[in-house]
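Participant: Provide a 3D model corresponding to the input given below.
(2 chains)
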Amino acid sequence: MFNDISSALRPALVLTLLFALLLGLAYPLALTGLAQAIFPDAANGSLIERGGHVVGSRLIGQPFSAPGYFHPRPSAAGAGYDAMASSGSNLGPASKALADRVGKDVAALGLPSGSRVPADMVTTSASGLDPHISPDTALMQVGRVAGARGMARERIAALVRENTSGPLLGFLGEPRVNVLELNLALDKLAQGSARPTR
Amino acid sequence: MTVQGWTLILLYTALVVVLAKPMGMWLFALYEGRETPLHRVLGPVERGFYRLAGIDPNAEQGWRRYALHMLLFQLVVLLFTYAVLRLQAVLPLNPRGLAAIGADGAMNTAISFTTNTNWQWYSGEVALSNFSQMVGLVIHNFLSAATGIAIAFALFRGFARREAGTLGNFWADCTRVTLYLLLPLCVIYALFLVASGVPQTLASTIDATTLEGVKQTIAVGPVASQEAIKMLGTNGGGFFNANSAHPFENPTALVNFVQMLSIFALGAGLTWCFGKAVGNTRQGWAILAAMMVLFLAGAGVTYWQEASGNPVLHHFGVAGGNMEGKEVRFGVAASALFSVVTTAASCGAVNAMHDSFTALGGMIPLLNIQLGEVVVGGVGAGIYGFLLFAMLAVFVAGLMVGRTPEYVGKKIEARDVKLAVLAIAVLPLCILGLTALSAVLPDGLAGPLNKGPHGFSEILYAFSSGTGNNGSAFAGLTAGTPFYNGLLSVAMWIGRFFMIVPVLAIAGNLAAKKYTPETAGSFPTTGPLWVGLLIAVILIVGGLTFLPSLALGPIADHLAMVSGQLF
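Facilitator: Now for the predicted structure:
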């Protein structure tokens, strides 16, 4: 028994060190080099720049509250869309806190009674950083956005449709709209139409 | 439920079955110690490792030595990670100047990653530096997976060898699986992930100014390299708190699909490898068939429940399925499927928050873990756990006809069955015992976020996940306390090694036996009757043991949910 242990000590210690070098350093560092060379955009977080500064990541949701922007889902990440504290609400199905929150959010929408609310519109995502909303949730906000911007509802609705992605190969993924990209497109459209047309 | 959702589930299942043979052939080459094309590139690395470590890869080991060397290696790597976490503040690649991890937390995490559990009491982006993630954790993601496969190989040899005293060489099995299987697969996989949007950088954070002028700091890091082995090795420990729900870990529905496939790939391959090792691949297919039946039943229930949604929210006019704790890009079907895959295997990665599932939708992941994660299961751990149930099943069949049971050419005798029952009984003892303890002690009761039966479910899930070496959670539980860090460390250690050591003892016992050829009186272990018996044994053992605890948790929760009783 004692012989067995002592004979295993050197392999255990040396292999731990060698594997730490190979798997802990060489593997991730080599991959970082490769990734930075081949896919620099994605490797650095799929960042979006506008006017020379970073406005966010294509993949990470961000908070919007102005009436002229499309709003994302409620978020449980920190104080909301805290990209340093990803988290879901973890409220269970029969949780009073969940029912109260959803009830309040639905009431704030001010819809006629009996209206259907898209599920993603009043629920928090798993990460708290969901970059997407469903097309239904986006379309329900068209009236507010159009009103705040003084633009035609049809143009905004058309923009939502342009920014809607469907499932890949018909079965992978759900219909969705990237909120940041939609709002960027909205700003661009507003800029274009605000320019005097002489 | 939609046609699209069922297409996803059925296509996924079909692809897992398709993957079983090619992955199995790859594994079988390593099981036999044969040369593969990869040896030309990595052969010198393997030989160099052996030379430096003083290992003779051809030195055969009996079960005791195999177990002892395995345990000693686990202990050394565990202490290595403990040291990395405790010294985090002074180690490199820590631009945010994160503090060292406390003693109870570091011990919990070191045990968690050593045992392939990857239970995480911390939030990756808050607590850990890039160095700790890369060096401290990724090494375990490879080695705990390789260890699992090595144990499976040893058990296969127990069945395959005749009147032999040895089971192979632990060091060689572990090194070969890492070098010729896990590492090459991960390089390709990680590049695919980066191409799809998963970051791979040594930077730690990025500052952005949002369209509304708010400052948003975004955590990044070497995510792709960790993500690849996290899935393939059924580890499941996320780089970020939100795990595979985080858009940086799992950015698209395609990546999500590949992640699910990579959870099952090696586990399914090991069933074929087992069949090949014992000289009849139909033995492997029968096991995979039983696994897939149990898997589809679970996926069906969870998908049905999640698609039906939460009546409490329907009351407010909220339409459709349960989207609390789910991402829009995955929706209900891919989230439900992922939860069943990750708990059928002992992965524990999550792409949706199981805590916010409907009561019965969330019960299936819990039950999957409690059944011992034998539905495909963790790499290695799944198949050796399943083979224990198979031995129990032939034992039951033997009792019915009054013959000494046989399985794949070996007589299963009293000592084997006793050891199998020991390994199987440890799980419920640990899960239910520690859950009961936590449900009465003040320190335990301080943990749950939710009140009522769901709070009990959170505790039950934690000890099921820890003991089952799964690592997923009903994450509302505040587990980063000395109480839970301590008890869960014990649970994870017992769940892993009180299973592995009896398994190796069985392997040693079986290897020494002579071959018993199949006769007309042997119970056939390939047909549908056998598959049915396997399923029945797994469900009866699991069902009888855990039903009372499920009644107190998810089932009571369900009745509350449908009757509008809130907590």
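
Participant: where along the stretch 401-550 of chain B do the helices fall?
Facilitator: B:414-440, B:442-445, B:453-467, B:482-512, B:528-550 (DSSP state H, counting those that start in this stretch).

Participant: Same question for chain A.
Facilitator: Assigned by DSSP state H, the helices in chain A fall at A:2-19, A:27-38, A:40-43, A:96-109, A:135-139, A:142-149, A:153-162, A:179-194.

Participant: Point out the most buried one among those helices.
Facilitator: Looking across the helices of chain A with neighbours counted as mean count of other Cβ atoms under 10 Å in any protein chain shown, the highest average goes to helix A:135-139: a mean of 21. Backbone N, C-alpha and C define where each C-beta goes, glycine included.

Participant: can you give me the offset of that one from its chain's centre?
Facilitator: Here the centre of helix A:135-139 is set off from its chain's centre by 16 Å, with Cα atoms, centre = their mean, to the nearest Å.

Participant: which outside residues touch that helix?
Facilitator: A:70, A:73, A:118, A:120-121, A:157, A:160-161, A:163-164, A:175-177, A:179, A:182 (Cβ atoms under 8 Å, 6 or more residues apart in numbering or on different chains).

Participant: Can I get that helix in PDB, CA atoms only?
Facilitator: Only the C-alpha atoms of helix A:135-139 are listed here, as PDB (Å, rounded to 0.1, in the frame of the first residue of the first chain):
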ATOM      1  CA  PRO A 135     -41.600  40.100 -33.100                       C
ATOM      2  CA  ASP A 136     -45.000  40.400 -31.200                       C
ATOM      3  CA  THR A 137     -43.300  42.300 -28.400                       C
ATOM      4  CA  ALA A 138     -41.700  44.600 -30.900                       C
ATOM      5  CA  LEU A 139     -44.900  45.200 -32.800                       C
END
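
Participant: With mean neighbour count and distance to residue B:122 added, can I get the helices of the stretch 401-550 of chain B in CSV?
Facilitator: Output for those, formatted as CSV (neighbours: other Cβ atoms under 10 Å in any protein chain shown; distance: least, Cβ to Cβ, whole Å):
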stretch, mean neighbour count, distance to residue B:122
helix B:414-440, 18, 20
helix B:442-445, 14, 19
helix B:453-467, 28, 15
helix B:482-512, 22, 10
helix B:528-550, 17, 27
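
Participant: Quick check: chain neighbours aside, which residue is closest to residue A:53?
Facilitator: residue B:209 (6.1 Å; Cβ to Cβ, 6 or more residues apart in numbering or on different chains).

Participant: That neighbour - how many residues pack around it?
Facilitator: Residue B:209 has 15 neighbouring residues, counting by other Cβ atoms under 10 Å in any protein chain shown.

Participant: give me every residue that touches it.
Facilitator: Residues counted as contacts of residue B:209 (Cβ under 8 Å, 6+ apart) are A:53-55, B:215-216.

Participant: Work out which residue lies at the spatial centre of the chain.
Facilitator: I'll assume chain A. residue A:131 (2.0 Å; Cα atoms, centre = their mean).

Participant: not what I meant, chain B
Facilitator: Centroid-nearest residue in chain B: residue B:346, 1.5 Å away (criterion: Cα atoms, centre = their mean).

Participant: Would you map the strands across chain B?
Facilitator: For chain B, applying DSSP state E gives strands covering B:205-209, B:215-219, B:406-407, B:410-411.

Participant: can you put those in a markdown table and add mean pLDDT?
Facilitator: Converted to a markdown table, these look like this (pLDDT from 0 to 100):
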| stretch | mean pLDDT |
| --- | --- |
| strand B:205-209 | 97 |
| strand B:215-219 | 97 |
| strand B:406-407 | 94 |
| strand B:410-411 | 94 |
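
Participant: What is the burial count for the residue lying closest to residue B:236 once chain neighbours are set aside?
Facilitator: In space, and not counting its chain neighbours, residue B:236 is closest to residue B:348: 3.2 Å by Cβ to Cβ, 6+ apart. By other Cβ under 10 Å, the residues close to residue B:348 number 32.

Participant: what's the pLDDT at residue B:348?
Facilitator: As predicted, residue B:348 sits at a pLDDT of 95.

Participant: So what does it look like in phi/psi?
Facilitator: Note on residue B:348: backbone dihedrals following degrees, to the nearest 10 are phi 90, psi 0.

Participant: okay but it is in contact with residue B:338, surely?
Facilitator: No. The pair residue B:348 / residue B:338 is not scored as a contact, 11.4 Å apart, by Cβ atoms under 8 Å.

Participant: for residue B:410, what are its contacts?
Facilitator: Applying Cβ under 8 Å, 6+ apart to residue B:410 gives the contacts B:158-159, B:510, B:513, B:515-516.

Participant: Excluding chain neighbours, what is closest to the one residue in chain B that gets nearest to chain A?
Facilitator: Distances between chain B and chain A by Cβ to the nearest Cβ are smallest at residue B:253, namely 3.0 Å. Spatial nearest neighbour of residue B:253, excluding adjacent residues (Cβ to Cβ, 6+ apart): residue A:173 at 3.0 Å.

Participant: That neighbour and residue A:17, how far apart?
Facilitator: 43 Å (Cβ to Cβ, to the nearest Å).
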